[in-house]
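> sequence plus the predicted model coming up.
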Amino acid sequence: MSTMVLIELSVKPESVDGMKALMKELLPDTRAYDGCQSVDFYDNTETKGSMVLYELWDSRGHQERYLQWRSETGTLDRLGALVAAPPKIQYFDKVDA
């Protein structure tokens, strides 16, 4: 069953354009990563710097292995320089309803 991951980012106001550019660079590799079904990036229309990644993965384990890879490659450090606070990561399992 799929796992949905919601990652809330509080981006520094001066880094919003940089975050958008970085996501354009990174997301093609994310979408190609083993277990990734889809990933979309959203910008809050009312609150500058409030951004969300909406991800669908085969399992939580797939997404956690992906995050480990991004950490090993230094990508999380690049992202960390653009945010005002640590990201809030939530995992959701699909309910058959």
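Received, thanks.
> and the contacts of stretch 14-26?
9, 11, 41, 43, 48-49, 51, 75, 78-79, 81-83 (C-beta atoms under 8 Å, 6 or more residues apart in numbering). Using the backbone N, CA and C atoms, a C-beta is placed for each residue, glycine as well.
> at 10 Å what do you get?
Here stretch 14-26 makes contact (C-beta atoms under 10 Å, 6 or more residues apart in numbering) with 9, 11-12, 30, 39-41, 43, 48-51, 53, 70, 75, 78-79, 81-84.
> whichever of these end up buried, select them in ChimeraX.
Typed into ChimeraX, the line below selects the buried ones among the contacts of stretch 14-26, using 16 or more other C-beta atoms under 10 Å:
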select :9,11,30,39,41,43,49,51,53,70,75,79,82,83
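> just the ones in helices from the contacts of stretch 14-26, please.
Among the contacts of stretch 14-26, the members found in helices (DSSP state H) are 30, 70, 75, 78-79.
> list the buried ones in stretch 6-24?
7, 9, 11, 15-16, 19, 22-23.
> show me the shaky parts of the chain.
Judged by pLDDT under 70, the chain has no weakly predicted residues.
> what's across from the most centrally placed residue in the chain in the sheet?
Nearest to the mean C-alpha position of the chain, by C-alpha atoms, centre = their mean, lies residue 53 at 4.2 Å. Beta-bridge partners for residue 53, by DSSP bridges, are residue 7, residue 41.
> list the contacts for it?
Residues in contact with residue 53 (C-beta under 10 Å, 6+ apart) are 5-9, 23, 27, 30, 39-42, 87, 89.
> isn't residue 87 up against residue 70?
No: using C-beta atoms under 10 Å as the test, residue 87 is too far from residue 70 to be in contact (11.8 Å).
> give the residues shared as contacts by the two.
Taking C-beta under 10 Å, 6+ apart as the contact criterion, the residues that touch both residue 87 and residue 70 are 76, 79.
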